[in-house]
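1. Fold the following.
(3 chains)
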Amino acid sequence: MAVRATPAALDQSPGSEVQVQATSTPSPVRPRANTWRRALRRDWQLYSLAVLPLLFFLIFRYLPMAGNIIAFRRYLPGGSLFGEEWVGFTYFQLFIDDPGFWRAFFNTLILGSLTLLFLFPAPLILALLLNEVRTRLLKRFVQTISYMPHFLSIVVVAGLIFQIMSIDGVINQALTALGGDAISFMQDPGWFRTIYISSEAWQTVGWGTILYLAALTTIDPDLYEAARIDGANRWWQTWHVTLPGIRPTIVTLLVLNTGTFMAVGFEKILLIYNPLTYETADVIATYVFRIGVQNGLFSYATAIGMFEAVIGLVLVYTVNFISRRTVGTSLW
Amino acid sequence: MVIPAATRHAPRPTPRRQQVTRGYRVFQVFNALALTLVVVLTLYPFFNILARSFSETSFIRRGEVNLLPKGFNLTTYKYVMSDAVFWNSYKNTVIYTVVATAIAMVLTTCYAYVLSKKHLKGRTLLIGIAVFTMFFNGGIIPQYVLISGTLGLRNTIWAIALPNAISVFNLLVMKAFFENQPPDLEEAGAVDGLNTYGILLRIVLPLSKAVIATMVLFYSVSFWNSWFAAFLYLDRKELWPVTIYLRNLLAGAMGTSDPGAASDVALQTAANIQAVTIVLIATPIMLVYPFIQRYFVTGVMLGSIKG
Amino acid sequence: MALYLPRPRLSRRRLLAGAGGLTIGGFLAACGGDNGDSGGDDLSGNRVGAMENYGVGDQFKATEPVTFSILMQDHPGYPFNPEWMFWEELTKRTNVTLDNVVVPLADYNDRRGVMISGGEAPMIMPRTYPPDEEQFIAGGAILPVSDYFDLMPHFQDTVNKWNLQGELDTLRQQDGKIYVIPGLHEAPYLDYTLGVRTDILEELGIPEPNTVEEVADMLREMKRAYPDRYPFSDRWSTPPQPGANSLLAVLSDSFGTRAGWAWQHSHWDGTKFVYPGAMDEYRQLLEYLHMLVTEELLDPESFTQPDDLAIEKFASGQSFVISVNAQTVVEHRDDLEALGGGATIAKIPRPVGPAGMITFTGRRENGIMISSEARKSENFVAMMQFIDWLWYSPEGKMFAKWGVEGVTYTGSVEDGTFQLAENIDWAGLNPGADELLNADYGFFQGSFVYGGSTALLQSQFPEEEKEFQQKIAGRESLVAPPKPLTPEERERAALWETGLRDHVDQETLKFALGQRPLSEWDAFVSELERLNMNEYIDLINGAYERYQEEHG
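-> Residues are numbered from 1 along each chain as shown, chains lettered A, B, ... in the order given. Alright, predicted model coming up:
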């Protein structure tokens, strides 16, 4: 029975892969020399399933990508799609020399890290709490309520933030009732990050539980049974059965979130920041928006976009590598 | 390593025989409190929006509408719901959502299944092809030229349904689910003479109801709420989805800060038209959720092919 | 976390990044290169449908049915409707059918940019706010319309009659040409100002204020009587920055600088361009604001709160003063009536300040861009004549604005007998009428109604607004000379402008709210210098001088 404590599906050791190969495919050959010809002959049905998706990526994602060339060429809106002339790294040089860009860059890093730190674990915790709810009706009720903010337009959410945080807002009413002084939250750069993160939490945590709850259903109940027989209490079960059971989901989300952590909520920040909070609130997205949209500086924006993309890719690969080495689960 | 399949997917049993410790009871109390807090915090704005949608403009303007409607009336509901444009947009939204979600599910499921096969040669490359597109894209203008010009999809449903048919995020989540499934049922299927398609259709998919439900939910919500593709590729008003209707209302209400348009008429819409439209748009998609939720709560019941 | 949510966010990267793409034959056609022959060029192949002799006073009617594509806004106040009487009557009068590319107003500019860049721009693109057209010039996608002004007799007549050459010249680009046909006003139209609770003025015995000092005094009186509230809580603080944008724009005229909506990156002081944010006049404006804030006359949240909140405060009597235009003042009045207690509101004249009776509000407004592709159309001449008639002839203007005589209106605006039909309302002219001129008939739309004579403008006002307009008439409109940049210069300028403006916006609020003492003004100016203010202004002045040499 002890073997079951490690679900087969999670066993990432090379041995199990071999086993999968040997049994799930018609070919009995252990592919020592794994040539393409052999792979194609053996797995052509699998490859055929990938044809349409690959076409999708080719047409709708990779073809337009040629446009990135304008990071190195001067582009004029309405002119040639590929830009007018080579300018080398001019646009990269421009933003590297620009102190405004770096302020935005570090603000992005900080907001991204805070988001990852607080908003990545939160849905997991909420999902685990929900999982402990005995009453099915109650569980459903809480779930249904908690995902609702996801449907609110950002414009509406921004309006709510102002209502709540204003001088006469609920929070300041509470503060003054407790004998404190009212704070003009929206004008204080020191409060911006707190406001941003908590409003994001409010809007996204409930929705984020959906994936974990779906993952929880795939855990083999036998594992809990086994753990109980071994005398494990609920904590122990959560730690040794539940969490490992949804590890692939956790790791997938962690890697993906890390990779895109530069992509902080542009539209929301645009709606709730102001010059007084630029110091902490201005992120790359809003900065490029102010420079680029009115002026049509597509080349400059593309250069910054490429810079961000490279950071994202490096992060994804790094985190994926680390998680493969440490917990043995990874995206690929 | 082989686990008896018959019990694997039984619903999570409640711990009948387990003794409930004092610590666990304390935890249950704490848990109930925490969840109650979540519910209360979440609900307030919704009651507010609902209350606004049923209230009279002047009360809203003075900030007097909180949790209950003031000057209860249905005027704006009647107004919006008698608007043929609104219902036409609504119909479009439903069609786009259904078609786009169907396409997205087929493509995503196929690719995720392929990617979940660890032995597959070139798998890393296939994953890389997808992951790369999360970070690099061609930008809006090449996309526009491709979809509108080259492919000629402007003013068709395909401009909405095709360009966003695979969300890499959803793809990788689905792949993680497939990987998490024990291989023995598939092995059994292969032994029974099923080919890859058969295994996918008859064994893997029925076992993956939870993830399929999740993905259907994710895709349909995102298509339901999406406006950008419609804004870009549809310039016939009768083709617009309802989100464009709402977006125009909301953006207009935020103040177009357009002093030059002095000769233009500012918005004269009732103060609660936004609230009404939000309610009307969000309600159906929220109603779908409880049906899908079943799959997360009860787990997947399935007879085993092994018998 | 952003990633969980496949919800629709306006992705900045999608909007901006990457503009390269596929080589697709037809779509490169709009790109530069083939415009060299424009200017007095051969139009013989483009006269299909055009009138042989079309001049001032003539009704344009195409000699055969023609169709022009046009970018059309879908305005939430009057949602686009293909069944409007406007379309039918337009075709009846001009033989022109408009092929509408309908775009939601909220994202009009983004969509226009994409269509132009993608080579699919409609022929006619109204509602273009200069300098928005500048970014498209170098790419060759839009037409130098000034080469074809000779096809537009009414337009030229208007420019001459109202002496608008100076205004027109500010639109000239590096090549001396104009790329947008602007809306033209006979007199500057000043709409935005402060709205004041007149019942409070009466109650406290305060006369209507005319100067910035009198406004401050009025607020002090209000504060004395109602010490528990801020008498003035302002709106229009949503982007673009910095906030309280209408108030700042009004005060720009008072103090003789540029701020808020009236912000320009350079200001013509009569001999050269200077940077507005570093002008002494700007400092005076800030001192004034700072005084209002420290005396608790102006709500500090004025600079950051959303409009709804400001409106709430005003509607519930927590504040007595708010920025308004002709439209919002009517809405506030409705709110106040619901409040009861005889609360009333009226516009006060824009307060005069040290700069005297001047305004930087010009006599031109947003205008029409034409795509370069349109020039190749066999109907090109007819299209220019059509634009001339609809947007610039008195008959066309009257039609676009008020519709059909005897159906939607009676009388004439010149002799003051104009009357909107009883069953039709526009902006409260016929309160209680059950149909709306714009939403139900398609007249008085932002895309077709630009500028015009003062008489035509007056016809849209209720008595109250006419009085207001008389009070503020006679302000001198100051116009800056052209200073067009090359594409390379524009790129550099855009980066400097953003850095400078961010700093000005940020410090403007800090100074106004007292987070930074005004004694640090000199330090602030040197900060601007470190952000390349002098280099920027040199660039602008250089462009001005270059233009004077080449075209002056």
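2. residue ranges for the helices of the stretch 101-250 of chain B, please.
-> In the stretch 101-250 of chain B, the segments counted as helices under DSSP state H, counting those that start in this stretch are B:123-135, B:140-144, B:158-161, B:168-180, B:184-191, B:196-198, B:205-207, B:209-225, B:228-233, B:242-253.
3. Indicate which one of these is closest to chain C.
-> helix B:140-144 (2.4 Å; CB to the nearest CB). Using the backbone N, CA and C atoms, a C-beta is placed for each residue, glycine as well.
4. and that closest one, C-alpha only, in PDB?
-> These are the backbone C-alpha positions of helix B:140-144, laid out as PDB (Å, rounded to 0.1, in the frame of the first residue of the first chain):
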ATOM      1  CA  ILE B 140      -1.800  44.600 -34.000                       C
ATOM      2  CA  ILE B 141      -1.200  45.900 -37.500                       C
ATOM      3  CA  PRO B 142       0.300  42.800 -39.100                       C
ATOM      4  CA  GLN B 143      -2.500  40.900 -37.500                       C
ATOM      5  CA  TYR B 144      -5.000  43.200 -38.900                       C
END
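5. Give me the helices and strands touching it, please.
-> Judged by 3 or more CB pairs under 8 Å, 6 or more residues apart in numbering or on different chains; DSSP states H and E, helix B:140-144 is in contact with helix A:63-65, helix B:228-233, helix C:12-16, helix C:108-117.
6. Tell me the residue of the stretch 51-200 of chain A that sits nearest chain C?
-> Taking CB to the nearest CB, the stretch 51-200 of chain A has A:Gly78 as its residue nearest chain C, at 2.8 Å.
7. wait, doesn't that residue sit right on C:Gly118?
-> No. Using CB atoms under 8 Å, A:Gly78 and C:Gly118 do not qualify as a contacting pair, with a distance of 9.1 Å.
8. Mind listing what's buried along stretch A:120-140?
-> Judged by neighbour count using 16 or more other CB atoms under 10 Å in any protein chain shown, the buried positions of stretch A:120-140 are A:120, A:122-124, A:126-133, A:139-140.
9. Close to chain C: what parts of the stretch 101-250 of chain B are there?
-> Within the stretch 101-250 of chain B, the positions adjacent to chain C are B:137-146, B:148-150, B:167, B:169-170, B:218-219, B:221-222, B:225-228, B:231-232, B:235-237, B:243-244, B:247-250 by CB under 8 Å from any CB of the partner chain.
10. Make a ChimeraX selection of whichever of those turn out to be buried.
-> If you want just the buried ones from those in ChimeraX, going by 16+ other CB under 10 Å, the selection is:
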select /B:137,138,139,140,141,142,143,144,145,146,148,149,167,169,170,218,219,221,222,225,226,227,228,231,232,235,237,243,244,247,248,249,250
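11. residue ranges with poor pLDDT in the chain?
-> Just so you know, I chose chain A. Confidence mapping of chain A against pLDDT under 70 gives the ranges A:1-34, A:292-294.
12. hm, I was asking about chain C
-> Within chain C, the stretches with pLDDT under 70 are C:1-40.
13. again, 50 this time
-> Residues of chain C meeting the criterion pLDDT under 50: C:1-39.
14. which SSE is residue 202 in?
-> I went with chain A, as the question did not name one. When elements are assigned from DSSP states H and E, A:Trp202 belongs to helix A:189-216.
15. Sorry, I should have been clearer: chain C.
-> C:Glu202 is located in helix C:198-204, with elements delineated by DSSP H and E.
16. Quick one: list the elements packing against that helix.
-> Looks like helix C:198-204 contacts helix C:212-225 (3+ CB pairs under 8 Å, 6+ apart).
17. Only alpha carbons, please: show the helix it packs on as PDB.
-> In PDB, the C-alpha atoms belonging to helix C:212-225 read as follows (Å, rounded to 0.1, in the frame of the first residue of the first chain):
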ATOM      1  CA  VAL C 212     -10.000  85.000 -10.600                       C
ATOM      2  CA  GLU C 213      -9.800  87.100  -7.400                       C
ATOM      3  CA  GLU C 214     -13.500  87.400  -7.300                       C
ATOM      4  CA  VAL C 215     -13.900  83.700  -7.700                       C
ATOM      5  CA  ALA C 216     -11.600  83.200  -4.700                       C
ATOM      6  CA  ASP C 217     -13.600  85.700  -2.700                       C
ATOM      7  CA  MET C 218     -16.800  84.000  -3.600                       C
ATOM      8  CA  LEU C 219     -15.400  80.700  -2.400                       C
ATOM      9  CA  ARG C 220     -14.200  82.300   0.800                       C
ATOM     10  CA  GLU C 221     -17.700  83.600   1.500                       C
ATOM     11  CA  MET C 222     -19.100  80.200   0.900                       C
ATOM     12  CA  LYS C 223     -16.600  78.600   3.200                       C
ATOM     13  CA  ARG C 224     -17.400  81.100   5.900                       C
ATOM     14  CA  ALA C 225     -21.100  80.200   5.700                       C
END
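18. How far does that helix sit from its chain's centre?
-> Chain-centre distance of helix C:212-225: 31 Å, with CA atoms, centre = their mean, to the nearest Å.
19. which helices and strands sit right next to it?
-> Packed against helix C:212-225, as judged by 3+ CB pairs under 8 Å, 6+ apart, are the following elements: helix C:198-204, helix C:245-255, helix C:280-294.
20. Report the central residue of chain A.
-> Residue closest to the mean C-alpha point of chain A, counted by CA atoms, centre = their mean, is A:Asn257 at 2.5 Å.
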